[in-house]
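In: kindly generate the corresponding structure for this input.
(2 chains)
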Number of protein chains: 2
Amino acid sequence: MNKPEVPDFLKNIRVVLARPNHPGNIGSAARAMKTMGLTRLYLVEPKDFPNEHADALASGAVDVLHRAVVVERLDQALADVTIAAALTSRKRELSAPLGVPREIAPELVEHARAGEQVALVFGNETFGLSIEEVEQCNRLVTIPGNPDYFSLNLAMAVQVMTYELFSHVGVGVDYLREEGEAATQQEVEGMCGHLGETMERIGYFRRRNGERLMRRMRTLFNRASLQREEIDILRGFFKQVLRSTDPHDAPGDE
Amino acid sequence: MNKPEVPDFLKNIRVVLARPNHPGNIGSAARAMKTMGLTRLYLVEPKDFPNEHADALASGAVDVLHRAVVVERLDQALADVTIAAALTSRKRELSAPLGVPREIAPELVEHARAGEQVALVFGNETFGLSIEEVEQCNRLVTIPGNPDYFSLNLAMAVQVMTYELFSHVGVGVDYLREEGEAATQQEVEGMCGHLGETMERIGYFRRRNGERLMRRMRTLFNRASLQREEIDILRGFFKQVLRSTDPHDAPGDE
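Out: Have a look, this model is predicted:
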């Protein structure tokens, strides 16, 4: 299977960092974004940007940093946006529906796919988003976590949220799966027959319930989703057992 | 709604970092774990631990670091484990079923809930897990991401995987929702009637399709999941409009 493409519509989803304090977090956020197929970063009044430390932590995602749009106020980053999702972990006046990323992500992806501009809005490391900033958003997202210790770093929050979005985009990991040839039922059955014959021949069924043993083995091999190559290895092994125990053959004879 | 407890069975899930190079990553991983309710950290042959930088990045999760178990080989960290999930992003010989976190997480949570020991196994920052290490695991997990730039930092991978687990634990964010009183259908209907009466009185329906207008308004307010308090504000407003336009009252009269 070929490596899939990142869908073009992901360019309709932007990450907005409002008043970030630490350049390192901006860099880590860029890396997190790009790892999940996003490239458009808006920075509202960053304390220190551009910055070398940000570049260092962005690793291979410095292109995202270099194309970042720096603005003075949040409304400038949201001017053409239809859905702005504010990340918050505080109890708030219910200004917009509150959901976990899993609930909100499908809707965001759907709007971006339809060509609308979508924003994920993250607040300052220490203070989060201000009430005024939250009010400019029409969705509230809260990442679930330990109620007694919720200390999600800014870039970590970007990573979790963008991971969640990417999970709904439809680019899976199938291209990383080893493409083995799955064995057919007939092949599995043939192998099981071969196993039974072998067990029988070496006297393994004696004083045992052979039928029950074979049923267990059959269940095991059916559950294991065998590959053709594995069938070959097993049958080769059984053949060798039969050969080694045949009085007409010398043991180990090929 | 009260703050929920982190379920006790999460102590059955451990994070294993195999041969981590950078103490900072160990600290960030501890913080990521604790944020998602996990506390048991195993370190296989860490290059530099304990370490001040690790403590600094762990922030409020230094307790996780201080209780971390340091071992020499991966099998020592997995001795009592029934399910060991190896995090990998490389194409591998199919030694175990490969899934994305969302597919694998429910099974891991279920086994931990049943009292079994479960491990999430992460490899070295540069080289990932070795073949020998992967072979000691019975699940493979691949975090989906940009096929052209997959550069997930070690602690970020811990964050994503533990977030995914926590999402299946059943501790939501309901306790953070503002507990407003939802309006009943009758209340919404009453408010819509009040709106219609107001529009009618000020002549807004003249030369317009009043029925259609009201249908749109009703749809809007039904969709919006109104709170009782919002109904009160709207009805107060309509009342004031009616009063202000009543020829018998002076405008602005209470």
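In: so, low pLDDT: which residues of the stretch 101-250 of chain A?
Out: Applying pLDDT under 70 to the stretch 101-250 of chain A flags the ranges A:178-179, A:249-250.
In: strands of that one, start to end?
Out: A:118-122, A:139-141 (DSSP state E, counting those that start in this stretch).
In: A:Ala68 reaches A:Leu43, doesn't it?
Out: Yes. Using Cβ atoms under 8 Å, A:Ala68 is in contact with A:Leu43, at 5.5 Å. Heads up, the C-betas are built off the backbone N, CA and C, glycines and all.
In: any residues in contact with both of these two?
Out: Residues touching both A:Ala68 and A:Leu43 (Cβ atoms under 8 Å, 6 or more residues apart in numbering or on different chains): A:Ile26, A:Phe49.
In: returning to that earlier point: wait, which of the strands of the stretch 101-250 of chain A is closest to chain B?
Out: Nearest of the strands of the stretch 101-250 of chain A to chain B, taken as Cβ to the nearest Cβ: strand A:139-141 at 9.3 Å.
In: which strands or helices does the closest one pack on?
Out: Secondary-structure packing of strand A:139-141 (3 or more Cβ pairs under 8 Å, 6 or more residues apart in numbering or on different chains; DSSP states H and E): strand A:83-87, strand A:98-99, helix A:101-113.
In: how much space separates A:Glu229 from A:Cys137?
Out: 53 Å (Cβ to Cβ, to the nearest Å).
In: what does the closest residue to A:Thr142 other than its chain neighbours show for phi and psi?
Out: Once flanking residues are discounted, A:Thr142 sits nearest to B:Val173: 4.4 Å by Cβ to Cβ, 6 or more residues apart in numbering or on different chains. Dihedral pair for B:Val173: phi -120, psi 20, per degrees, to the nearest 10.
In: gap between B:Val173 and B:Val100?
Out: From B:Val173 over to B:Val100 (counting by Cβ to Cβ), the distance is 23 Å.
In: what about these two, which has more around it?
Out: The neighbour count for B:Val173 versus B:Val100, taken as other Cβ atoms under 10 Å in any protein chain shown, is higher for B:Val173 (20 against 16).
In: and A:Gln240, how far from A:Ala224?
Out: 21 Å.
In: between these two, who's got more neighbours?
Out: Shown here are A:Gln240 and A:Ala224; by other Cβ under 10 Å, A:Gln240 has more neighbours (15 against 12).
In: who in the stretch 1-150 of chain A is up against chain B?
Out: Residues of the stretch 1-150 of chain A found near chain B (Cβ under 8 Å from any Cβ of the partner chain) are A:3-6, A:28, A:31-32, A:34-37, A:59-61, A:89-94, A:97-98, A:100, A:102, A:142-150.
In: returning to what we had before: CSV for the helices and strands packed on strand A:139-141, including mean neighbour count and distance to B:Thr184?
Out: Listed next are the helices and strands packed on strand A:139-141 as CSV, based on neighbours: other Cβ atoms under 10 Å in any protein chain shown; distance: least, Cβ to Cβ, whole Å:
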stretch, mean neighbour count, distance to B:Thr184
strand A:83-87, 25, 29
strand A:98-99, 20, 21
helix A:101-113, 19, 24
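In: which among the residues of the stretch 1-150 of chain A next to chain B end up buried?
Out: Buried subset of these (neighbour count, 16 or more other Cβ atoms under 10 Å in any protein chain shown): A:6, A:28, A:31-32, A:34-37, A:59, A:61, A:89, A:92, A:94, A:98, A:100, A:102, A:142-147, A:149-150.
In: in helices, which of these appear?
Out: Using DSSP state H, the subset of these located in helices is A:Ser28, A:Arg31, A:Ala32, A:Lys34, A:Thr35, A:Arg102.
In: which of those lies closest to A:Val15?
Out: Using Cβ to Cβ, A:Ala32 is the member of these that lies nearest A:Val15, at 8.7 Å.
In: which non-adjacent residue is nearest the closest one?
Out: Nearest residue to A:Ala32 in three dimensions, chain neighbours excluded: A:Gln159, at 3.9 Å (Cβ to Cβ, 6+ apart).
In: surely that neighbour touches B:Val158?
Out: No. Taking contacts as Cβ under 8 Å, A:Gln159 lies outside contact range of B:Val158: 10.3 Å.
In: can you give me the pLDDT of the closest residue to A:Leu10 other than its chain neighbours?
Out: Among residues not flanking A:Leu10 along the chain, A:Gly37 sits closest, at 4.8 Å (Cβ to Cβ, 6+ apart). Looking at A:Gly37, its pLDDT reads 96.
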